[in-house]
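Novice: dropping a prediction and its sequence here:
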Number of protein chains: 2
Amino acid sequence: MSLTDPPRDFQSLQQLIAERAQDLPKRLAQVAGYALGNPDEIAFGTAASIAEASSVQPSTLVRFAQSLGFQGFSDLQDVFRSRLRERVLSYDERLSHLRADDKAHKASLMFAGFAEAAEHSIRELRLRLDGDKLEEAVKLLAKAETIYLVGLRRSFPISSYMSYAFGKLGVKNQLIGATGGLAAEDVSFATPQDVIMAISFTPYASETVKLTQSAHGRGVPVVSITDSAFSPLAPVSKLWFEVTESHFEGFRSLSATLALAMTFTVAVAERRSASKG
Amino acid sequence: MSLTDPPRDFQSLQQLIAERAQDLPKRLAQVAGYALGNPDEIAFGTAASIAEASSVQPSTLVRFAQSLGFQGFSDLQDVFRSRLRERVLSYDERLSHLRADDKAHKASLMFAGFAEAAEHSIRELRLRLDGDKLEEAVKLLAKAETIYLVGLRRSFPISSYMSYAFGKLGVKNQLIGATGGLAAEDVSFATPQDVIMAISFTPYASETVKLTQSAHGRGVPVVSITDSAFSPLAPVSKLWFEVTESHFEGFRSLSATLALAMTFTVAVAERRSASKG
DNA sequence: CGCGCTGTGGAATAAACGTTCTATTGGTCT
DNA sequence: AGACCAATAGAACGTTTATTCCACAGCGCG
């Protein structure tokens, strides 16, 4: 039996179990492994059900708990349950809370809606983003002589952010559309040694599409962020990323796109400095 | 006893309880109220502990469950437990998962970090945003003849987004700093009937501060988004909003600011169209 | 080889569990 | 006022629970 006090929060307990798991006796190690892999089962199950699931005797569970300093199995179980008590609300729950708050101000509700849309978009992209493709795109952009940033209208905040960040990080780039109507001329300088980073969502700004298509025709590689496989950017892109932003009252979030844009800028800059210096 | 099948997901169950709560007998309504207010207790507690907490007999809990179509209390309890099983991970858990994923690509990790920072920023602002102040700012902006948008460097994506959205929504606005170095002149046209919307974070772009201060000196009301009470924008603002963005590898998120900016644009446009006709 | 120790399985135990049953209440019709 | 019925409280039920206890297996050491 351990002399030290057992941890009372799940985080520490998890760590403790992971540490001790190796030099624990066979059956206790078995329990440790099961506990780390199935915390919800420990929280909800009974000693008997957990014992069966982890191929162990109920008494082993008690010994396991005691070896960690707990008084018994139930004592340890409480910690697993506390984790679930302290959880954040799920997406659906929050939305219904939102609707229920009728007394709040209209503007506050609106903010909650936009915040919700932003969080949801980010969560979605997190699940869908292809790590290999991302890595490849970073490689391609890092090799580019100049990165041309094409993003107008709703996508302009993104392209302008990238331009600012690239500039700060010492990555040569050209922001298109910032200064009047010279966009077409600016992009016409792009060569196959450069890369076009195009950002466009429904309804695709015609100028963005046109510029990207013509550059692609001249052999300039294109990396794009867009919202579906039917985007006119997809067929002319060497690599393209699908970002589906949630909307609130018809206004689409930009948060997921922005997070992806930040990733590009920082990852590209880091890869460059790594290869150069 | 109900003849219909009881709901198997928490969402539907919650709704069902809320609906029936009113025309339920006294003691059962008492349980319904407790269940809606303390779902976690129902999930983890025993019939005895819940009965005591809601000042009811254990048998009442069984009758309550049966009146909803469940076979018994345990049957109903399962639904409350399922909710906790399906929960999303908490912030701390996600961060540690992030660190644990050493095998993943560097760029993917980076994206996860930026996504995390964005989500965290939004969650923070949600807690801190003052609904009354927000409502007041929307009122002020809605009355403005022209809204001058002042945001340079890192804040430029925000001000340019607002300009685009205001334009779409038919709200007269002037984006500062978009076209070369004429910023000072543009703002000099602002009158006390207009409003300056200034956005600036550490290190505060000197031009943003200068323009805002001079406009304030001429009696133009200022609404600003900034990151602390020590911001040079705070003392010259009629209303200012504190947004503290989380960062990853030194790069601050913009997501919370963006969500707030979207709220301003849509809320102001809506208020205008409501007052005009 | 035998001693002692740790780890383990499984029976034993008492407490706590959810459920059922029944007497009683409280209120609404006739 | 009396009869009826739904709703309730609380005791009683059998079951399941976590825990304890004990016998035995494995193993290193003297």
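Specialist: Yep, it's here. Just so it is clear, the model here is predicted, and its values are computed rather than measured.
Novice: give me the residues contacting the helix or strand hosting A:Gln66.
Specialist: Following DSSP states H and E, one finds A:Gln66 within helix A:58-67. The contact list for helix A:58-67 (CB atoms under 8 Å, 6 or more residues apart in numbering or on different chains) reads A:1-2, A:20, A:24, A:27-28, A:31-32, A:35, A:47-48, A:50-51, A:71-73, A:75-76. From N, CA and C alone the C-beta is placed, and that goes for glycine too.
Novice: now the element after that helix, going C-ward?
Specialist: helix A:73-85.
Novice: mind listing what's buried along that next one?
Specialist: Using 16 or more other CB atoms under 10 Å in any protein chain shown as the test for burial, helix A:73-85 gives A:73, A:76-77, A:79-81, A:83-84.
Novice: same thing with stretch A:232-248?
Specialist: Of the residues in stretch A:232-248, those buried (16+ other CB under 10 Å) are A:232-233, A:236-237, A:239-246, A:248.
Novice: A:Lys133: which of those residues is nearest?
Specialist: Distance to A:Lys133 across the buried residues of stretch A:232-248 (CB to CB) is lowest for A:Leu239, with 6.0 Å.
Novice: bridging residues for that closest one?
Specialist: A:Val223 (DSSP bridges).
Novice: relative to B:Ser159, how far out is it?
Specialist: 30 Å (CB to CB, to the nearest Å).
Novice: same question, A:Arg272
Specialist: The gap separating A:Arg272 from B:Ser159 is 29 Å, by CB to CB.
Novice: who has more neighbours out of the two?
Specialist: The neighbour comparison of A:Arg272 against B:Ser159 (other CB atoms under 10 Å in any protein chain shown) goes to B:Ser159, with 28 against 19.
Novice: distance of the more buried one relative to DNA strand D?
Specialist: 59 Å (CB to the nearest atom of the strand, to the nearest Å).
Novice: now do the same contact list for that residue.
Specialist: B:149-152, B:175-177, B:197, B:199.
Novice: count of neighbours near the closest residue to it other than its chain neighbours?
Specialist: In space, and not counting its chain neighbours, B:Ser159 is closest to B:Gly151: 3.1 Å by CB to CB, 6 or more residues apart in numbering or on different chains. By other CB under 10 Å, 28 other residues sit near B:Gly151.
Novice: relative to B:Ala137, how far out is B:Gly151?
Specialist: 16 Å.
Novice: A:Leu68 too?
Specialist: 53 Å.
Novice: more neighbours: which of the two?
Specialist: Taking other CB under 10 Å, A:Leu68 and B:Ala137 do not tie; B:Ala137 has more neighbours (27 against 23).
Novice: pLDDT score for that one?
Specialist: Per-residue confidence (pLDDT) for B:Ala137: 96.
Novice: quick check: it touching B:Ser224?
Specialist: No - using CB atoms under 8 Å, B:Ala137 makes no contact with B:Ser224, being 9.6 Å away.
Novice: okay, now the unreliable bits of the stretch 1-150 of chain A?
Specialist: Residues of the stretch 1-150 of chain A meeting the criterion pLDDT under 70: A:1-4, A:86-105.
Novice: what does it put close to DNA strand C?
Specialist: A:25-28, A:56-60, A:63 (CB under 7 Å from any atom of the strand).
Novice: how much space separates the residue nearest in space to the middle of chain A from B:Asp186?
Specialist: In chain A, the centroid-proximal residue (CA atoms, centre = their mean) is A:Arg126; its distance is 3.3 Å. To B:Asp186, A:Arg126 is 40 Å away according to CB to CB.
Novice: list the buried ones in stretch A:187-195?
Specialist: For stretch A:187-195, by 16+ other CB under 10 Å, it's A:187, A:190, A:194-195.
Novice: sorry, back to before: hmm, which of the contacts of helix A:58-67 are the buried ones?
Specialist: Looks like the contacts of helix A:58-67 have A:24, A:27-28, A:31-32, A:35, A:47, A:50-51, A:73, A:76 buried, using 16+ other CB under 10 Å.
Novice: in TSV: the residues you listed, plus distance to A:Gly219.
Specialist: Formatted as TSV, the buried ones among the contacts of helix A:58-67 follow (distance: CB to CB, whole Å):
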residue	distance to A:Gly219
A:Leu24	62
A:Arg27	65
A:Leu28	64
A:Val31	61
A:Ala32	58
A:Ala35	57
A:Ala47	68
A:Ile50	62
A:Ala51	66
A:Phe73	68
A:Leu76	64
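Novice: what about dumping the CA coordinates of stretch A:166-182 to PDB?
Specialist: Extracted in PDB, the C-alpha atoms of stretch A:166-182 (Å, rounded to 0.1, in the frame of the first residue of the first chain):
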ATOM      1  CA  PHE A 166       5.200  36.500 -44.400                       C
ATOM      2  CA  GLY A 167       6.700  40.000 -44.500                       C
ATOM      3  CA  LYS A 168       7.500  39.900 -40.700                       C
ATOM      4  CA  LEU A 169       9.100  36.500 -41.200                       C
ATOM      5  CA  GLY A 170      11.200  37.500 -44.100                       C
ATOM      6  CA  VAL A 171       9.400  35.500 -46.800                       C
ATOM      7  CA  LYS A 172       9.200  37.200 -50.100                       C
ATOM      8  CA  ASN A 173       5.600  37.600 -51.200                       C
ATOM      9  CA  GLN A 174       3.300  39.700 -53.300                       C
ATOM     10  CA  LEU A 175      -0.200  40.500 -52.200                       C
ATOM     11  CA  ILE A 176      -2.600  40.900 -55.100                       C
ATOM     12  CA  GLY A 177      -5.500  43.300 -55.200                       C
ATOM     13  CA  ALA A 178      -4.300  45.600 -52.400                       C
ATOM     14  CA  THR A 179      -3.400  48.600 -54.600                       C
ATOM     15  CA  GLY A 180      -6.100  49.300 -57.100                       C
ATOM     16  CA  GLY A 181      -6.700  47.500 -60.300                       C
ATOM     17  CA  LEU A 182      -3.200  46.300 -61.100                       C
END
